[in-house]
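*Asks:* Provide a 3D model corresponding to the input given below.
(2 chains)
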Amino acid sequence: MNWDPLIPVLTVASSLVPGLIIFGLAEERVRLRTALNLIGALIKLALVGWMLWGVYHEHHYETRLALLPDLELVLRVGPLSLLFVTLSGVLWMVTTIYAIGYLENSPHRSRFFGFFSLCVTATVGVALAGNLITFLLFYELLTLVTYPLVVHRGTEEARRAGRTYLIYTIFGGSLLLLGTVWLYSLTGTLEFTPQGFLSDLDAEHRPTLIIIFSLLIAGLGVKAALVPLHGWLPQVMVAPAPVSALLHAVAVVKVGAFGIVRVVYDVFGIDFAIELGVTAPLAWLAATTIIYGSMRALFQDELKRRLAYSTVSQISYIILGVAIAGPIATIGGLVHLVHQGLMKVTLFFCAGNLAETLGIHKVSEMKGVGRRMPWTMAAFTIGALGMIGVPPIAGFISKWYLGLGALQADQDWVIIILVGSSLLNAAYFLPILHAAWFQKPPHSWPEDRDFGHKETAWTLLLPPLLTAAMALVAGLLATLPFSPLEWAKLITEREFYCP
Amino acid sequence: MVSVVTNIPWGIILILLPSAAAIACFLWPRIANELGLVTAFTIVLSTTGLGWQIMENGAYHHTVGGWGAPLGIELYADGLSLLMLAASALVGSGISTYSASYFEQEHLERFWPLWLLLQTALNALFLSADIFNLYVTLELMGLAAVALAALTNNSDALSGSMRYLLATLLGSLSYLLGVALLYHSFGTVDISTLAERVDSSPTVWASLGLMTAGLALKTALFPLHFWLPPAHASAPAPVSALLSSLVVKASFYILLRLWINIFAPLGEGVDTLLGLLGATAVIWGSLQALRQTRLKLLVAYSTVAQIGYLFLAFPLAVATNVTAWSATTYLVLSHALAKAAMFLAAGNLLLFSSHDRIADLDRVVQRIPLTMAAFALAGVSIIGLPPSGGFIGKWLLLEAALSQGRWDVAVILLLGSLLAAGYVFKVLGHAFTQAPLPLKPTVIPASMEWSALLLAFAAILLGLLASPILSLVDIGHITGHSEVRP
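*Replies:* Presented below is the predicted three-dimensional model:
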C-alpha cells in the first residue's frame, strides 16, 4: 500500500487529535495531558523528519479530498510548505514544554492546551495547503482557535484585546474570502502552481487582477501586521507568554507573511506580478512597516510591547524579501521566516521568565537583572543581537541575503532601509542589554519568587536556551545541508526560479 | 437484501408512523416519552431507507391508493425533498431527545402529540407534489406549531403565539387564494403539470403575488417578520428550536419549489424585490440581534437575518444558474442544524441560570462547557466561517454573485457575516472570565447538552460533505422538471 497520501493528513492529525482529547480531560489530569501533548509533538517531529528526507530526494506527498463539486481540499508537501511545517513542529514542542511550566497550577489548563494544539494544527494546515481555498479554511480556523488563547486570562484588558483581535482578523478574513472567490470566478482554479496560474488570462482582466491582489494582500496583511493593519498586535500581547511566543514566532503573524509568499509566487507568479507592477508598492509598504515598527518600539517601556512592535518590523523583512523580486532576496525573506521565529520566540520566553520569576514587566525595571538571571539574559542577549543582525547569529544571514538580493535586483534604496532599521534595532535592544548586564540591581525585585539555587523553574529556562542555541547554530552552520539557509535556497531553485 | 430495502414504501411510513404515534401518545400519555423517542429514531431510519431508494432508483413516486394525478394524491420525493426530510429527521431526533428531559410530565403529555403531529405535517409537506396538498400540510403544520408555542401558557407565550396564529392563518389564506386561482385557470394542482401549462397572464401574476406574499409572511421575510421574534423567544427552548430551524424552512421550501418549477420564467421584477427584502433582512436582523440584551431574542433576530440570505439567491438564479439554488439549499440545511443547536444551547443556559440576560452570563457559561461549545460551533456556521455548512452556502452564493458581477449582493453577504460575528462573539466573550469555578456539578442532564452539541457538530460536518450532498440535489431536481417543460 502507498502510504504517501496519508502523511500530510497524519501531520495535521498529530496535533488535532491530542487537542480534541485534551478538551475532554479534567483539570487535574496533568500527567496524561502532558503525555498527550508531548507524544503528539514527537510524532509530528518524526513525520517532519521523514518528509524532509523525502522531499530532499524529490519525493512529493499529496492528499486530496473533494470539498465542492469542482474544488478540492488539497494538502501538499513541497519544499516551501515543509520549511514552515518544520518551524511550527519544532517550536510547538519547545513552547509546549514552556507552557507546562508557565501555567503550573493555573485554572483552565485543559482548555488552554486544547486550543494550543488546535492553533498548531491550523498553522500546519496553512503550511500544507495546496490551493487557496484550503489555505483560507485553515487561515480562518486559526483566527477562531487563537481567540480563546488571547482572552485566556479573562481580565477586562484581555477581553478588550480579544475583541480588537477579532475585529481586525475577521475583517481581514472577509477581504481574503472576497478576493479568493473573485479569483475563482475568473479562473476556475485555485491551485498553487510554481510561476502562478494567472499569466494566461486575457489582458482585459489586468485591472481586476490588481484589485484582487490588493484584496488578498490586505486580507493577509492584517495577520502579517502590515502598517496600517498592525493595530491589533501590540494589544494582543496581554496574552500569556507562551501564547505571545507562539503568536509572534509561528502562528498568526507568520501565517500572514507565509500567505503573502504564496500569493506572490504561487498564485500570481513573480514574473507576472512584476509585469502587473504590484511588487514595487508591496516593497514600499514593507519598508514603511519596517521603519515604522522600529520607531514605535523605541518608545515602549513595557517589554512585551516593545517586542511586539519589533515583530511588526521584523515580519516585514520577509515580505520585503519577496517583493524585491529576485532570487537572492527571496532566499533572504524565506530564511528570515525561520530565523525571526527562533529569535523572537527566545525573546518572548525570556520576557515571560522575567515576569514570572521577578515580576518584571518593564524595561526600566531590568537594571542588573543579568546578575540575578544570567542564563535567561544570555538567551535574551543572543536573540536581541540576532535581531540587530550581529554575525554570526541567524539574523545576520537574513539581512545579508536581503541586502545582496536588493543590489542584485538594482534596488539600492533597500540598503538604506536595512541599515536604518538595524540602527533602530540596536537603539531599542542595546539599552536593555546594557541595563541588564552593566547596571546595579535594585535592592528588591517587584515580586521575587524563590526557586532555591536555580534562577527559575527548569521548564521555563530550558526552552529559551534551546531556541537561542538554534538561532546561533542556524547562523554558524548556515552552509550545511538542511540548514534553514540551504533549504531556502532549495525552495528558490526548485519552486520559484526553476529554469 | 438491497431489493427489500428499496421496495418498502418508505414515503408512506414517514407519514403514517408519526401520525399513528401522535394518536398513541394522546391515548397513553404515560408512555409518551418512550413512544416519541422511538418514533424519532425510526423516522431517521426510514429517511435513510428512502434516501437509499432514491439513490438507487432516482426520484420517488407513489400514487396513494393507486389514484394518480390529476385526481388522486401523489407522493413525490427528489433530491431536494430528501435533503429536507433528512434535515427534519436529524433535527427532529435531536429536539426529541432534548425535550424528553426538558419538560415536566404535565407538559410532556401535551408536547408529544403536538410535536409528532408537526413531524407528520413536515414529512407530508416535503413529500407532496401538488400545491393543494402543500396547502393542507402547511396549515396542519402551522396549527401544531402555534399550539406548541403556547405550551407553557404564561402571558408572554400566549401573546406571542396569538400574533403567530394570526400571521400563520393570514399566510395560508393568501397562499390558498393563489392555489384556487391556478386551479380555476388550469384545472390542475399538480406542480409538474402546472409547470407545462402556466403562461404570462393576469391570473398567473395574481396567484404568483398571493402565494409568494403568503409564504413570505410564514417564512418571516422582512418586513413580514414582526411575529417571529416574540413567538420564537417566548416559546420553550425545544419549541423555539423547531420553529426556527424547521417550520420557517417548510414554507420557504414551498416557495422554492414553486419558484424553481413554475414561476421562474415569469417572476422578473419580483425576484429583484425578494432579493432586496432579503438584503434588508440580513442587515436589519443582524443589527437587531446585535442590540438585544436577552439571549433568546438575539438568537431569534439572527433567524430573521439568516432567512434574508435565503432570498438573496432569487435575483441571482436567473435562467440556468444552478449555483445560486445549491447555495440556498445548503444555507437552509446548515441553518436548520445550527439554529436548532443554538436555541437548545440557549435553553440550557436559561435553565441553568434561570435568566438569559447576556450581560450577566459571565458566571454561568464557564460551568457548562459542552453547551458553550455547542453555541460556539453553531455560531461558526451561522457566521459562515470555514469549515462549516454555512461557509459552503456563503461561498456558493458569493461565487454566483461575483460571476454575475453582482457586487451589491457580495457586499451584503460579507457585511452580514461581520455583523453575525459581532453578535455571536458578544455571547461567546462571556466564556472567558476570572469568575471562579464552583464545585457543585451541573444540573443539566447530559442528554440535553449532548443533543445541542451533536447538532452543532453536524452543522460543522456539513462543511466537509458538500460534494456528495450537492450531488443529491441534482436527483430529479431543477433539470428533471425543466425537461418536461417545452
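
*Asks:* how many residues are close by whichever residue of the stretch 51-200 of chain B sits closest to chain A?
*Replies:* Across the stretch 51-200 of chain B, the shortest distance to chain A (C-beta to the nearest C-beta) belongs to residue B:79, at 13.6 Å. In short, each C-beta sits where N, CA and C put it, glycine included. Around residue B:79 there are 24 other residues, counting by other C-beta atoms under 10 Å in any protein chain shown.

*Asks:* burial count for the residue nearest to it when sequence neighbours are not counted?
*Replies:* Once flanking residues are discounted, residue B:79 sits nearest to residue B:475: 3.6 Å by C-beta to C-beta, 6 or more residues apart in numbering or on different chains. When neighbours are counted by other C-beta under 10 Å, residue B:475 registers 22.

*Asks:* also residue A:400?
*Replies:* Residues near residue A:400, counting by other C-beta under 10 Å: 18.

*Asks:* please name the nearest non-neighbouring residue to it.
*Replies:* Using C-beta to C-beta, 6+ apart and skipping the chain neighbours, the partner closest in space to residue A:400 is residue A:332 (7.4 Å).

*Asks:* list the buried ones in whichever strand or helix holds that neighbour?
*Replies:* Residue A:332 belongs to helix A:327-358 when elements are defined using DSSP states H and E. Buried residues in helix A:327-358, counted by 16 or more other C-beta atoms under 10 Å in any protein chain shown: A:327-358.

*Asks:* any idea of the mean pLDDT for it?
*Replies:* Averaged across helix A:327-358, the pLDDT comes to 93.

*Asks:* spell out which parts of chain B neighbour chain A.
*Replies:* B:369, B:373, B:380, B:385-387, B:392, B:395-396, B:398-399, B:402-403, B:410, B:414, B:417-418, B:421, B:425, B:429, B:431-437, B:464, B:466-467, B:470-471 (C-beta under 8 Å from any C-beta of the partner chain).

*Asks:* tell me what angle the helix or strand where residue A:294 lies forms with helix A:327-358.
*Replies:* Assessed by DSSP H and E, residue A:294 sits inside helix A:279-298. Helix A:279-298 runs at 20 degrees relative to helix A:327-358, counting by axes from the mean of the first three to the mean of the last three C-alpha atoms, to 10 degrees.

*Asks:* am I right that residue B:59 is in contact with residue B:192?
*Replies:* No - using C-beta atoms under 8 Å, residue B:59 is not in contact with residue B:192; the gap is 10.7 Å.

*Asks:* phi, psi of residue B:220?
*Replies:* Dihedral angles of residue B:220 (phi, psi; degrees, to the nearest 10) stand at phi 70, psi 40.

*Asks:* which residue, other than its chain neighbours, is closest to it?
*Replies:* residue B:228 (4.1 Å).

*Asks:* distance of the one you found from chain A?
*Replies:* 27 Å (C-beta to the nearest C-beta, to the nearest Å).

*Asks:* what stretches of the chain score poorly on pLDDT?
*Replies:* Reading this off chain A. In the predicted model of chain A, residues A:1, A:498-499 satisfy pLDDT under 70.

*Asks:* if you could check chain B rather than the one you did, that'd help
*Replies:* Residue ranges of chain B with pLDDT under 70: B:1-2, B:66-72, B:318-321, B:365, B:435-442, B:476-486.

*Asks:* name the helices or strands packed onto whatever helix or strand residue B:305 lives in?
*Replies:* Secondary structure from DSSP H and E places residue B:305 in helix B:295-316. Contacts defined by 3 or more C-beta pairs under 8 Å, 6 or more residues apart in numbering or on different chains; DSSP states H and E place helix B:295-316 against helix B:228-234, helix B:237-242, helix B:248-258, helix B:270-291, helix B:322-353, helix B:389-403, helix B:407-428.

*Asks:* that's all I had, so thanks and see you.
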